[in-house]
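Colleague: return atomic coordinates for the entry below.
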Amino acid sequence: MSSTQLYLLGTPRLVREGTAVHVETQKALALLVYLAVNRQPYTRAELAALFWPELPAADAQNTLRCTLSILRQATGADCLQATRSTVSLSPSLTPALAQPLSPQNGGVHYHNLWVDVIQFHHYLAQNTTVALAAALSLYRGEFLSGFGLRDSPLFDEWQMAQGRQFHQGAIQACQTLVHIYTEQQEWETAVAYARR
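Modeller: Below is the predicted model:
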């Protein structure tokens, strides 16, 4: 597994070298989450409007600049790529898709950053009994449980939509496993997934 992990299913947390990292502001963590989940560059203007809609554009841009600094301190200098106009995760953190789940590999990761929801999607896409069980082992709770930004309604809408998508994926995985184990007459396992 990578030296840095971002857990988003359940209470969000960032872990580096096995130690939980405190991200100084909610907005910095939200920005990291948004970039990691969406995996694409955004203009500074888009991010400023998303996270600071109540501020004038120039003030929002300045606040974004400060937030990027906070995020670099929390994640390491090489995590972000910020130009004068765009912000994204560093190209060195482009998702590296591992081979199908096996004991020899840890699945999907950014080269230096493992993200549970990316791994979750990868396991669901494999659609094997082992992979679906692995996906459900990652599902420790709702997406960003207990996290929210009061003054960023568009982020909150995005968060809720993502949460519904991950929840539906978990439900579908449970239903598939119940069906598989019922057909195999492994009743205890089928019941365990049905109760999940």
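
Colleague: ok, so what distance separates Ala133 from Gln126?
Modeller: 11 Å (Cβ to Cβ, to the nearest Å). All C-beta atoms are positioned from the backbone trio N, CA, C, and that covers glycine.

Colleague: gap between the two ends of stretch 30-48?
Modeller: 12 Å (Cα to Cα, to the nearest Å).

Colleague: can you point out the buried residues in that stretch?
Modeller: 30-37, 41-42, 44, 47-48 (16 or more other Cβ atoms under 10 Å).

Colleague: as JSON lines, those with secondary structure and distance to Gln119 would be great.
Modeller: Output for these, formatted as JSON lines (DSSP: H, G, I helix; E, B strand; the rest coil; distance: Cβ to Cβ, whole Å):
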{"residue": "Ala30", "secondary structure": "helix", "distance to Gln119": "20"}
{"residue": "Leu31", "secondary structure": "helix", "distance to Gln119": "21"}
{"residue": "Leu32", "secondary structure": "helix", "distance to Gln119": "16"}
{"residue": "Val33", "secondary structure": "helix", "distance to Gln119": "15"}
{"residue": "Tyr34", "secondary structure": "helix", "distance to Gln119": "18"}
{"residue": "Leu35", "secondary structure": "helix", "distance to Gln119": "17"}
{"residue": "Ala36", "secondary structure": "helix", "distance to Gln119": "12"}
{"residue": "Val37", "secondary structure": "helix", "distance to Gln119": "12"}
{"residue": "Pro41", "secondary structure": "coil", "distance to Gln119": "22"}
{"residue": "Tyr42", "secondary structure": "strand", "distance to Gln119": "23"}
{"residue": "Arg44", "secondary structure": "helix", "distance to Gln119": "29"}
{"residue": "Leu47", "secondary structure": "helix", "distance to Gln119": "25"}
{"residue": "Ala48", "secondary structure": "helix", "distance to Gln119": "30"}
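
Colleague: that concludes my questions; thank you for your assistance.
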